[in-house]
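Student: whatever this is, show me its structure:
(2 chains)
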Amino acid sequence: MKEEGEREVVTPGEVLGKASDVRAGRGAYLAPHNNLVYASLTGFRRALSPSPDSPDQRPTVEITDHKAHGAVPEPGSIVIARVTKVMAKMASADIMCVGPKSVREKFSGIIRQQDVRATEIDKVDMHLSFRPGDIVKAIVLSLGDARAYYLSTAKNELGVVSAESTAGATMVPISWTEMQCPLTAQIEHRKVAKIGG
Amino acid sequence: MAGRPGTNPTTYSPSLKTQKTRSTIFKDQEIDWVRPDGRGFQQCRPAFFRTGAVTAASGSAYAEFGNTKVIVSVFGPRESKKAMMYSDIGRLNCNVSYTTFATPVRAQGSDRKEFSSMLHKALEGAIILETFPKTTVDVFALVLESGGSDLPVVISCASLALADAGILMYDLVTSVSLSCLGKNLVIDPILEEESYQDGSLMITCMPSRYEVTQLTITGEWSTPKINEGMQLCLDACSKLANIMRSCLKEATTSSQE
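Tutor: Residues are numbered from 1 along each chain as shown, chains lettered A, B, ... in the order given. Now for the predicted structure:
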């Protein structure tokens, strides 16, 4: 339920309340040395009332409608990536969208052989799962190493969303391992994502 | 960059606290310097800020303090270079550069080479780096015209650009510098005063939390002089922070309409 009151704009460093009165939500932080909750973003301050059965009855104060920084992949977020390189044991992909937001500059991700699907993970052939240029939907497993985020397509709804055939047409998915070109009726192998219910 | 007609830039001149029982160490009779622009010794130049100047950047800000004009762009958080080692907290990369037309004569800029690392030290204490692991935030500052007190203006403008980019920060960072000319302490010096100065003091602080992130002193200073200088600068910093906050709030409400 949205409360219409006066909407107060806060800037970083402004005091939002005492730690005994409010809890720090998104865009706010608690300073341990003086037990005050400060804002860390510029935006409108909003108070969320706590759920009635939680032991902590302090309202959560958070900052909304802020100009958030560009999307950054976080472990557990669903991303859309374009495959750039396919090798024997892994595929490189450029992460273009995190959730519903597109990134300003691409991030590098890799999909390892054991993360392509959930069953028979050692018998995966990378070239029968991805090709360069495919658009895949994946989940971020972890921050990975210095070079790339680790991605996984090991779920039914993850995998290749859109791919171009060798003839140049957008292919139609037939099963979870095959896609067909509408122009030449050629069947190509991919790890296809199951879209829809 | 939407300009609002009729908004007067406000100044952030400090005031020595009247409840101090100690009198100021500089009597008004001993005046070694007359300020070329007619300001009082404790009077700062009018400050003007605008956010959102650069559309290509994640966040940006433009600041104009008298003749000192600075524009800062912030990019990020974006992927670190491949050669960098993994880090579980974010990285900050700062660069301060002068345009070729910033000064009337092409100065050597021997102290300007350190401005980038000084900006880095001033800002890194205020950014919550843990919120963007493995990525880098790039801050690029360009001094369009150097009219004195360049680095403090760059630091304040950079902190406004970071807030405009939506980077989580502990607090805004404001910076004010002070020049010592003979027996007089002169706040917010212009280029001419900086060339004649005997010493300088620059404070960068987070005014809402009353914490100093950087203190730079050059020249010969006695302890009472440092005390008075710091008091003046800290007071000016907190007033400057109010101007910066009102600029951010104005930008937020005007973008909502």
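Student: please report the distance of the residue in the stretch 1-150 of chain B positioned nearest to chain A from B:V137.
Tutor: The minimum distance from the stretch 1-150 of chain B to chain A, using Cβ to the nearest Cβ, falls at B:Y86 (4.0 Å). The C-beta positions use only the backbone N, C-alpha and C, and glycine is treated the same way. Remark: distance between B:Y86 and B:V137 (Cβ to Cβ, to the nearest Å) = 17 Å.
Student: give me phi/psi at the residue nearest in space to the middle of chain B?
Tutor: Centroid check for chain B by Cα atoms, centre = their mean gives B:P152 as the closest residue, at 2.9 Å. Dihedral pair for B:P152: phi -60, psi -40, per degrees, to the nearest 10.
Student: quick check: the gap between it and chain A.
Tutor: 18 Å (Cβ to the nearest Cβ, to the nearest Å).
Student: residues contacting that residue?
Tutor: B:S175, B:V176, B:S177, B:M202, B:T204 (Cβ atoms under 8 Å, 6 or more residues apart in numbering or on different chains).
Student: right, and the pair among these with maximum separation?
Tutor: Across the contacts of B:P152, no pair lies farther apart than B:S177 and B:T204, at 9.5 Å, counting by Cβ to Cβ.
Student: circling back to that earlier point, hang on, the residue of the stretch 1-150 of chain B closest to chain A packs against A:D145?
Tutor: Yes. Taking contacts as Cβ atoms under 8 Å, B:Y86 lies within contact range of A:D145: 5.7 Å.
Student: show me the contacts for the residue of chain B found nearest chain A.
Tutor: Nearest residue of chain B to chain A, counting by Cβ to the nearest Cβ: B:D171, 3.1 Å away. By Cβ under 8 Å, 6+ apart, the contact list for B:D171 reads A:P12, A:G13, A:Y38, B:A126, B:M206, B:P207, B:S208, B:R209, B:E211.
Student: can you do 7 Å?
Tutor: When contacts are counted by Cβ atoms under 7 Å, 6 or more residues apart in numbering or on different chains, B:D171 touches A:P12, A:G13, A:Y38, B:A126, B:M206, B:S208, B:R209.
Student: quick one: pLDDT of B:S146?
Tutor: We have a pLDDT of 92 for B:S146.
Student: please work out how many residues are found near the closest residue to it other than its chain neighbours.
Tutor: Closest residue to B:S146 apart from its sequence neighbours, by Cβ to Cβ, 6 or more residues apart in numbering or on different chains: B:A102 at 4.6 Å. Neighbourhood size, B:A102 [other Cβ atoms under 10 Å in any protein chain shown]: 21.
Student: helix or strand: which one has B:A102?
Tutor: Using DSSP states H and E, B:A102 sits in no helix or strand.
Student: isn't it right next to B:A141, touching?
Tutor: No. In terms of Cβ atoms under 7 Å, B:A102 does not count as a neighbour of B:A141; the distance is 11.8 Å.
Student: which parts of chain A sit against chain B?
Tutor: Applying Cβ under 7 Å from any Cβ of the partner chain, we find that chain A lies next to chain B at A:9, A:11-14, A:29, A:38, A:40-43, A:66-70, A:72, A:104-105, A:107-108, A:143, A:145-147.
Student: all good on my end, thank you.
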